[in-house]
Structure formats: structure tokens, C-alpha cells
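Visitor: Generate coordinates for the sequence data below:
(2 chains)
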Amino acid sequence: MSELFLPLAVGCAVALVSGLAVVLARRPVHSVVGLLVHSLAIASLFLLLAADLVAIGQVLIYSGAIVVLFLFVIALLPAGGAEGPIGSGRALSAVLAAGALLAALAAGLSASLPAATGRSVGGVEAIGRSLFGPLVVPFELTAPLLLVAIVGAVAIWRRQEQAP
Amino acid sequence: MLVLGTSAALLALGSGGVLLRRNPVAMLMSVELMLNAGNLLFVLAARVRGVVDGQAAALIVLVVAAAEAVVGLGLALALFRDRSRVDVDDPAEVRG
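Guide: So this is what the prediction gives:
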């Protein structure tokens, strides 16, 4: 585990800094670039945690599909999606809520630190057995979820076309 | 321990971002941060406990994140396409 500590620390630092950039960047395009770096850092963390298949899925779905989708929407939004100034009350409430959530998570997680077994698992076959075994109901439900999402997005768009 | 702290910090960061930003696209990106934090915790638990179910759950969360991004971005585009300013506080057509 000790030889993995330095890569894990680097990956965590990159993920945190790029996440901060996503939240704090003024221009949405900079936020999207931050999200791209963030998703790649998370994928590298997945690799270090011996989750190869999830890392590949992360790169394909997040870095490939979702980031490009965000870029397209920003290009279509008026004024490049630039937003007005943010009031101090909003900033204060956001910092307070984030701090309260972090404190609650720290208290809850430190009370129940798991003991490592050190046994590495993974592999496509084992994940497939899990997906079609104990997790078969949520796995099959993702199919209608995706269908409803596609049809819903098209329906929202079509109604907007007819309205004006 | 390190990854656990990162996951908690990312979740808090994403929730702060949702409250802070006024741009719907930036809010959706903050939600993606929170989903990534949850995924990281799933994979960490799978590694620590030696059970593969966490990785399978992380894959399902990835699919849910994609569906959420599609619907959220479609809504944002339909709402703000013919407005001059992008601000989630502006639209007032729907009254409760």
C-alpha cells in the first residue's frame, strides 16, 4: 500500500484542485476544462484502486460523452453562458452549507473507519456476475431510464419548437 | 483514508457549487462533481472490503449521471435559448 500512497495523493490533489476550478471559474468553458481534468483524475484514482472497468467507463462516458455535451450546450447558450455577479449572501450561504456538510461527513466517516482486508478484487467477469446477480434489478432499470431520458429530452425540445 | 477525505471534500465542494452558481450548466457540473465523489466512495469500498459489488454499483451510477446530464442540459437549453441572460433566478413562468 505504501508504494501506492504517492500516486494516490497526487490523484486526490489533482481531483480536488480541478473540482475547485469547476466551481470557481467565471467562464463556463473554463469550468468544462476543469471538469475534464477532474474526470481524468478520478479515472486514474479508479485505476489505482484496481477498478479497471470502471476507469474505462469513466473515461468513455465522462470525458468522452458528458464533457462534450456540456461544451455543445455552452456553445448554444446566449452570451456563451456568462453569468452575472454573485451576491455575497449567496456566496456566504454556499460556503456555510458546504462547511456544514463537510463537518457532518467528517464526523460520520471518522466514527466508522473500515478495516482493510487487503484482498484485491476486480475483473470484467466478476463485475458481470455481480451486475446480473445481486444488482440485476437496478441494472435492468437503467435501460428504461436511458430511454425515458432520450425521449424526454426530445419532447422538451419539440414543445419549445412549436410554442413561439 | 486519503481517498475517503477526498470523496467527502468533493461532495461538500459540489454542494457548495450548486448553491453558489447562477448558471444552470455550472450547477449541473457541480452535481457531476457530487456524483463523482459518490462513485469514488463506491470503488474505494469495493477495494477495501474486497467485494466487487461496489464497482458494479459505480457503473450504474455512471449511467444515471449520463441520463441526468442529458435531461438537465436539455431543460437548460430549452429555458435559456431565447433569453439574453443565463440566470436560474430569472425564469418566472411557472408559479406554484
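
Visitor: what packs against the host helix or strand of B:Leu59?
Guide: Under the criterion of DSSP states H and E, B:Leu59 resides in helix B:53-80. Here helix B:53-80 touches helix A:52-57, helix A:67-76, helix A:124-131, helix A:136-162, helix B:24-49, going by 3 or more C-beta pairs under 8 Å, 6 or more residues apart in numbering or on different chains; DSSP states H and E. Glycine gets a C-beta too; all of them are placed from N, C-alpha and C.

Visitor: Let me see the mean pLDDT of the first one.
Guide: By that I understand helix A:52-57. Model confidence over helix A:52-57 averages 90 on the pLDDT scale.

Visitor: gap between it and the chain center?
Guide: In terms of C-alpha atoms, centre = their mean, to the nearest Å, the centre of helix A:52-57 is set 14 Å apart from its chain centre.

Visitor: Dump it to PDB, restricted to CA.
Guide: Extracted in PDB, the C-alpha atoms of helix A:52-57 (Å, rounded to 0.1, in the frame of the first residue of the first chain):
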ATOM      1  CA  ASP A  52     -10.100  -1.100 -14.400                       C
ATOM      2  CA  LEU A  53     -13.500  -1.500 -15.900                       C
ATOM      3  CA  VAL A  54     -14.900   1.500 -14.000                       C
ATOM      4  CA  ALA A  55     -11.900   3.600 -15.000                       C
ATOM      5  CA  ILE A  56     -12.500   2.800 -18.700                       C
ATOM      6  CA  GLY A  57     -16.200   3.600 -18.300                       C
END
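
Visitor: picking that back up, give me the angle between the helix holding B:Leu59 and helix B:24-49.
Guide: 180 degrees (axes from the mean of the first three to the mean of the last three C-alpha atoms, to 10 degrees).

Visitor: Would you convert the helices and strands packed on helix B:53-80 into a markdown table that also reports mean neighbour count and distance to B:Asp90?
Guide: As requested, these are exported to a markdown table (neighbours: other C-beta atoms under 10 Å in any protein chain shown; distance: least, C-beta to C-beta, whole Å):
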| stretch | mean neighbour count | distance to B:Asp90 |
| --- | --- | --- |
| helix A:52-57 | 20 | 36 |
| helix A:67-76 | 17 | 17 |
| helix A:124-131 | 16 | 43 |
| helix A:136-162 | 13 | 16 |
| helix B:24-49 | 23 | 10 |
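
Visitor: on that earlier part again, pLDDT of the helix holding B:Leu59, averaged?
Guide: Mean predicted confidence for helix B:53-80 is 88.

Visitor: where does chain A have low pLDDT?
Guide: A:1-2, A:79-82, A:84, A:113-122, A:160-164 (pLDDT under 70).

Visitor: In it, what residue comes closest to chain B?
Guide: Of all residues in chain A, A:Ala98 sits closest to chain B, at 3.1 Å by C-beta to the nearest C-beta.

Visitor: what's the neighbour count on that residue?
Guide: 22 (other C-beta atoms under 10 Å in any protein chain shown).

Visitor: Identify the residue nearest it in space, chain neighbours excluded?
Guide: Closest residue to A:Ala98 apart from its sequence neighbours, by C-beta to C-beta, 6 or more residues apart in numbering or on different chains: B:Gly16 at 3.1 Å.

Visitor: which ones are touching the one you found?
Guide: A:Val23, A:Ala94, A:Val95, A:Ala97, A:Ala98, B:Ser30 (C-beta atoms under 8 Å, 6 or more residues apart in numbering or on different chains).
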